[in-house]
Each structure stands twice: as C-alpha cells, then as structure tokens.
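K.L.:
Sharing a model that was predicted from the sequence below.
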Amino acid sequence: MVLMEKQAFIVRFMLLFLLFIGTSEQKHSSQFHTLLRVKQLLNSPPSLSSWNRKTNFCSIEPTSAFTVVCYEGNITQLHIVGENGSAKLPGNFSIDSFVTTLSRLTSLKVLKLVSLGLWGYLPSKIARFSGLEILNLTSNYIEGEIPQSLYTLKDLQTLILDDNKFTGVLPEGLGSLSLLTVLSVKNNSLSGSLPQSLGTLENLRIVALCNNNFSGEVPDLGFLANLQVLNLENNLLGPHFPVVRNKIERIVLRKNKFSFGIPVNVTSYYLLKALDISSNRFLGPLPMSLISLPSLIYLDISDNRFTGLLQQNLQCNAELEFVNISSNMLTGKLPQCLVSDSRKRVFRYADNCLEVSDGDEHQQPVSSCRNEALAVGILPRPRKRTSKTPLFLSVTIGIIGGIVLAVAGYFTVKNILLKREAGTSVPRFDGQKKFKGYTPKFLQDARSVTESKKLGTLGLPSYKTFTQEEIKDAVENTSRSTLLEEGSHHHQVQLRDGSSVAIRCFEFKRNRSTQHFRPHIEMISKLRHHHLVTALGHCFEYHSDESHVSRMHLVFEFISNGTLRSWTSEKRFGRNLTWPQRIAAVTGVAKGVQFLHAGIVPGLFSNNIKITDVLLDQNLVAKINSCNLPWISESIQKLDHKRNFMSGSKDSANSRMKHQDKMDIYNIGVILIEVISGKPVNSRNEVELLQDEFQAAMASEEASRWSVVDPMVSIGCSNESAKTMIDICLRCLLVDPAERPSIEDVLWNLQFAAQVQGAWRGDSQSNGSSPISPIQ
C-alpha cells in the first residue's frame, strides 16, 4: 500500500513537472512567434534577416540594430532600429495590427522602434502596454494626435516621439504621467498652448519640444526641482522668460517670441552650462554677470535688442567655449577675458556699437544704438520745454500717478516673488555648431533601470545576465592574490573575452526565489554613471531543486589604478595627486553622490562612502566603488551593519531619516579633510583633531592656513582655492545635519575652488613660476 502511494506521488510529480516545462516552452514559443510576426509586418528588413523559427531571441547578442532583453523567460525589452531616412512601409502595412501583435508581449517594459518607416495614426491600443516604462518611436511617419490612452501608462518614465508627423496639442492629461523623467517630441507639427500640468511633473529632467508650433506662455516650471534640460527652440512661445529652478543645466529658447528682459535670478543658475536665447525679441539691459556663471560653456544671445555697456575688466568663466552677442545694441569695449585667448573659444560680436579696432567685425556708431533703443522705448526720450502751469499740473498728476503705480507695482512684484519662492554634468560643446536635443549623459541620468540595462552609454557593455559557466571559468582561474580585499568575497577575474572585472558573491538560504531578487537587480543595474564603478551584470546559482537561489554573483567593471587614499595620504609607489587633481577627484565623488541621490528612482542615501571606496581609473577619474555600497548588502541579505565613525551625527533614527542626504555630505567632509591635509584618517577622534586644526587655520592669517595643507601640494595651491576647500570641508562636518550644505552647494564650492585655482595658476605661470608639480 505504501509502495503504491509512493508510486502515485511520483507520477503526480512527473505530470506537474512536465506541465511546468510545457507551459514554459509554450510561453517562449508564443513570444518568439510574436517576434517572427513582427518581422513580417515590418516587411522583413535586412537587420532582421537572421530571424527564423529556431532563433532563441533571449540569447541573441545585442547590436545597434536589434536588442532583446529577457527576464525569467519573459521579453522585457525590444529595440529595433532601422537605417536613417528609411522610407515608409508598403501601403498594406497596418499600424493597428502591428501594435496589436506587439501587445502580446505582456511583460514589455522598454519599446524602441526607430527609423522603421511606421506610418498611420497611433492607435489607442498603445494603452495595452500597461507596464511600459520607456517608449521611443523616433524617426517614423506616425501622424495625427497623440492618443489620450497613452497618458494612462502610469509607469512611463521616458517618452520620445521625435521626428514624426504628430499634430494637435499636448493635453492636460500629460500630468497623469507622474513618473515621467524624459519628454521629447521634437520635430513634429504639434501646436497650441503647453499644458499647465507640465509644471506638476516633479520627476522631469528633460523637456525637449523644439521645432513645433507651440504658442503662448510657458507654464511655471518652478516646481520641477530635477529639471536639467529645457529645449523649446523654434516655436511661437513667449513673451516671458520661463520660470525654472536655479539647478537648470541647459536652456534653449532660440527662434521664439520672447520679448521681455532676462530675469535677474538667471545670474544665480550656478549649474547652467548652455544658454541659447538667440533670434527672439528680448530687450533691455543685459545682466553682465551672466558670462561669469561658474559652469557656463555656451552662450548665444544674438539677434535680440539687448543694451548695456561692456567693460574691458569684465570677469568671465574661464571654461567658456562659445559666446555670441552679435546683432544687439551693446556699447563699450570688448571684455579682455573673451578676446585674450581666441584659440580656446569662439567669440562673435558683430552688429553692435562697440569700440573695436579698425577692420574688426562690423559695428554701428554709438548714436545708432541709442536711437534704436529710444525707438523701442528702452531708453527715455529727452523732455521738451513746456510752460510753467502745464508743467506744474503734469508734475502733480505724475506724483499722484507714480504713488499709485508704485503701490500697485509693489504688490505685483511681491506676488511674483512669492510664487517663485514657492517653486523654487554636459559634454563639452563644439562652439561652431548649434546643439540639437539632449546628450547621452542627460538621457542616461534620467533613464529608468531598464534603459540602463539596454546600452553601454559609458563605453561599457550593456547590463546582462552572465551564465554560470562564464562565472565558474573566471573564478576557478582566480588565485588568492586576486582577492580585492583580504577575507572578502570580492574577486578580480578575467572573462573569456579577456576583459577584467570585479565580482562580488552572496550566499543565500533555500527560501529565496529569483522573483525575490528582481527589484534588487533592477536597482543594481541603474548604477551606471561616469563617477560610479559600473554594474555590468549578475548571475544566479541554484540549489539542487533548481527553484531557489543558492548564490548570486554581481559583476562590476574593474578599476586598476588604486584608491584615492593611495594617491593622497598614503602616496604609495611615489604616487601623489596635484592640488587641481585632488579638487577634480573630490568633485567626481560629489557628482557620484548627486547621482545616487537624484539620478535614480528611488534615490540611495547614507552610502557610508570612505576614501578607500573611491577608485581612480587610468585617467585619474574618481569613481565610487559601487561594490561596497551598504545598500547592496542590506537590501539583499537584510544584515544588520554596525555604523562606523563615518556615519556622522548620533541623532535619533527619525532625525537620520529626515536628513538622510546629509549623511553622505559628512562622508565627503571626511574625504576632504584627508585630501587637503594628506594625513590618513581612520577614526572619529582623528577627524575631530584635524577639524580643530582647520578651524584654527581659517581664523588665523594666510600663512597659518598653509600649515594644514599637505606640504606635497601646498606650493601649487592658491590661497583662495585652499580657503574655499577648507571652508566647505568644515561645513560638511557640522554636527547638526540640518546645517550641512546640500550636495549642489558642495559641488558649487568645489567648482569655484577649481576656477580660482585655474585663474591663479595662469597668473603664476605668466610670472615664471610653476605652481603644479607633475605626479611623482
């Protein structure tokens, strides 16, 4: 009887196993059949010629033309890119049938269909992709209005519809896409006013609406704290300058109908790298401090009606590469800082009323600019003589009217200021070219996890799932000498293709399935940034039941040039960073922290970053070691980690949650104190001792300040730069987290320290001295 029961159990188990295998194979077969049907509907383009019934799409190597990403047997990403300028698909093509077919891929999160000749009206069935996070339909022939159903995709983070034939308006329903970070509808025929709901999408980083027919005022975008790029080129928008936060990095308003002056607060946009407001109707005085913004690289204000007196001693940002002030009503002399190094930057200034040497760019007489300014009402006209009685009446009425206008103006300005208070890193530009659209870096920082998996935007392979064989071969060939840390599970190994990577291994109990790890893997795959050690992929090993994970290997890029400490306080093997290189390294750390806080959703805080977690690549670019981020261990293994001295203030848990971003600010302060002093810091007591020395140095004369700076670099360090670095270091180490600076404030000070150091270096070298010694 017992034997029969055992046999019956085995039979039932085998049937369930076969059913599971059959269901899995059926699911694969259905998805692969869908892709073959897609190939037919696209008229079998050459890039898909290798597809057939035997193709295992989940294992195909990604190419620039075709990429499929699978997770647990489900297709989650589909990228198909045709040739530029692809012709329309044949007349029998139906975009409705095409979308219906694609909607059978129910797990799809990323859909990129570029330059495929798609045409017709985008059907409302697009809403069937309920889990879609990224939609890119660039360079097709899709026409008509953007369907309302598109705005029901609540998980959508990136929407790119560039270079199509869309018409109609952007509706208020856009505001329902609360997770949207990238909105790009460039080069279409959209029109009407921009929806007010655009100003409520707090996660927006990139807004690119150029080359359409949008008109009217730009909605108040002061609520968008994360906005980095605003490109409204070639529309009919205006007349007021858009309201944005001071963290904006690029503003393009070229070829619109903006006609009022530039608001004064534009000069506080300390992260602004590009400003193009050319070919508008701006008038009034030009804020001269604009050209001294610390991050500005590209400035074009040409073809407007700006007035103002330029002076030779005007200060400007040394990093400026392109400046165009042509076709305005500017007077005075050319600033020396713009003309002193013509090989480094492009400077255009024709058609003004400037005092220039003979034969220089065409200029009008000063009277011409004054007369034109009078004509448009920028300058007051001369008053004519009048009789005393009318003059008395005019003065009386004027005084009364002036009082009324002053009171009204006061309340108007007050209301505007109250509204604004309530809503209060770009590749280098080629000065000869107009910048069109956003850059890969902006897109990369704004993308969701699935986009991070897709491409190696940093020149690295795309995020992938490694096979057990790949990991096993690599680890088995690893000797004890290649352990990155003694006693750790960090290995430096070499993959089959010869590339070196770092691997971190985790071991688990039997009660964890792959589904448990999905959100963690998605977060890890987001760690792709210029100043982070990039995550390349992962691999699962299973228990004998094949259903639970026994080990997980995380694969990261390998950085071989040592830690920041080895280049500063330890000075191993004669290594020593110069003062400007030290500033650049800490700036890189700050940019990496900024990305961890705001560049991914959700942000990662309290990262416990130490100077030994900062690695330098072959170009001495600082990268935070993602392998060591506490979040990875805490979230995956749920282990309790002891807090060490680097975690800052001993406030309550609630206070730590409230000021969680300021924990990393403290860590930056500790890194700064070691980088400045050149002394290794291994305890809180050592931090406090050096902190006292720094405070005493700041309160004393300039000569005493050099006593706290590493003697190896003090000779090549300017007083103003050292003072700025010490000051921001002390502010980062304040006991009360609420009083510590923001990461943006830290970055601004570091960039300022680099800027004044560069200016001092130029002066020193011109006097025959050599402020910076080469690396030993």
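P.N.:
The structure has been received and is ready for your questions.

K.L.:
does His33 count as helix, strand or coil?
P.N.:
Three-state call for His33 (DSSP: H, G, I helix; E, B strand; the rest coil): helix.

K.L.:
where's it relative to Asn52, distance?
P.N.:
Here His33 is placed at a distance of 12 Å from Asn52 (CB to CB, to the nearest Å). In this view, the C-beta of every residue, glycine as well, is placed from N, C-alpha and C.

K.L.:
Can you get me a residue count around the residue nearest to Gly537 when sequence neighbours are not counted?
P.N.:
Using CB to CB, 6 or more residues apart in numbering and skipping the chain neighbours, the partner closest in space to Gly537 is Lys464 (4.2 Å). Lys464 has 17 neighbours, counted by other CB atoms under 10 Å.

K.L.:
what do you get for Gln755?
P.N.:
20.

K.L.:
per-residue confidence for it?
P.N.:
Reported pLDDT at Gln755 in the predicted model: 87.

K.L.:
a helix runs through it, doesn't it?
P.N.:
Yes: Gln755 sits within a helix when classified using three-state DSSP.

K.L.:
just checking, next helix/strand downstream of the helix or strand bottoming out on mean pLDDT in the chain?
P.N.:
Least confident helix or strand of the chain, by mean pLDDT, DSSP states H and E, is helix 449-454 with a mean of 37. Following helix 449-454 in sequence order, the next helix or strand is strand 464-465 (DSSP states H and E).

K.L.:
roughly how far out does that next one sit from the chain middle?
P.N.:
Its chain's C-alpha centre and that of strand 464-465 lie 24 Å apart, by CA atoms, centre = their mean, to the nearest Å.

K.L.:
which residues touch it?
P.N.:
Among residues not part of strand 464-465, those counted as contacts by CB atoms under 8 Å, 6 or more residues apart in numbering are Lys453, Leu536, Gly537, His538, Cys539.

K.L.:
now these as CSV including neighbour count?
P.N.:
Listed next are the contacts of strand 464-465 as CSV, based on neighbours: other CB atoms under 10 Å:
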residue, neighbour count
Lys453, 27
Leu536, 25
Gly537, 21
His538, 22
Cys539, 20
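
K.L.:
Specify which member of the residues you listed is nearest to Ala753.
P.N.:
Leu536 (33.8 Å; CB to CB).

K.L.:
Now for the contacts of strand 464-465: which two are most distant?
P.N.:
Of all pairs in these, the most separated under CB to CB is Lys453 and Cys539 at 14.7 Å.

K.L.:
that older thread, can you tell me which of the contacts of strand 464-465 end up in strands?
P.N.:
Members of these lying in strands (criterion: DSSP state E): Leu536, Gly537, His538, Cys539.

K.L.:
Show me which of the residues you listed is closest to Ile291.
P.N.:
Leu536 (42.0 Å).

K.L.:
Leaving out chain neighbours, which residue sits closest to that closest one?
P.N.:
Per CB to CB, 6+ apart, closest to Leu536 is Val555, 4.6 Å.

K.L.:
likewise Ser707?
P.N.:
In this structure, Ser707 finds its nearest non-sequential neighbour in Ala697, 6.4 Å apart by CB to CB, 6+ apart.

K.L.:
ok but that neighbour is inside a helix, no?
P.N.:
Yes: when three-state DSSP is applied, Ala697 is found to be in a helix.

K.L.:
State the distance from it to Phe752.
P.N.:
Ala697 is 19 Å from Phe752, by CB to CB.

K.L.:
Also Asn280?
P.N.:
Distance from Asn280 to Phe752, by CB to CB: 31 Å.

K.L.:
Ok, Arg504 next?
P.N.:
From Arg504 to Phe752 the distance is 37 Å (CB to CB).

K.L.:
that older thread, can I get the contacts of strand 464-465 in JSON lines with distance to Ser268?
P.N.:
Below are the contacts of strand 464-465 laid out as JSON lines (distance: CB to CB, whole Å):
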{"residue": "Lys453", "distance to Ser268": "38"}
{"residue": "Leu536", "distance to Ser268": "40"}
{"residue": "Gly537", "distance to Ser268": "42"}
{"residue": "His538", "distance to Ser268": "43"}
{"residue": "Cys539", "distance to Ser268": "48"}
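
K.L.:
and of the residues you listed, the nearest to Asp664?
P.N.:
Leu536 (24.3 Å).

K.L.:
thinking again about what came up before, between His33 and Asn52, who's got more neighbours?
P.N.:
More crowded of His33 and Asn52, by other CB under 10 Å: His33, with 13 against 9.

K.L.:
quick one: that one and Arg53, what's the gap?
P.N.:
Counting by CB to CB, the gap from His33 to Arg53 is 8 Å.

K.L.:
Kindly report the same for Ser103.
P.N.:
Distance of Ser103 to Arg53, given as CB to CB: 22 Å.

K.L.:
Those two: which is more packed in?
P.N.:
Taking neighbours as other CB under 10 Å, Ser103 and Arg53 compare with Ser103 leading, 17 against 8.

K.L.:
Counting by contacts, list what whichever strand or helix holds Leu690 packs against.
P.N.:
If you go by DSSP H and E, Leu690 is part of helix 684-699. Where contact means 3 or more CB pairs under 8 Å, 6 or more residues apart in numbering; DSSP states H and E, helix 684-699 is packed against helix 660-677, helix 702-705, helix 719-732.

K.L.:
now these as TSV including distance to Pro519, mean pLDDT and mean neighbour count?
P.N.:
Shown next, in TSV, are the helices and strands packed on helix 684-699 (distance: least, CB to CB, whole Å; pLDDT from 0 to 100; neighbours: other CB atoms under 10 Å):
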stretch	distance to Pro519	mean pLDDT	mean neighbour count
helix 660-677	19	92	24
helix 702-705	49	63	13
helix 719-732	32	91	20
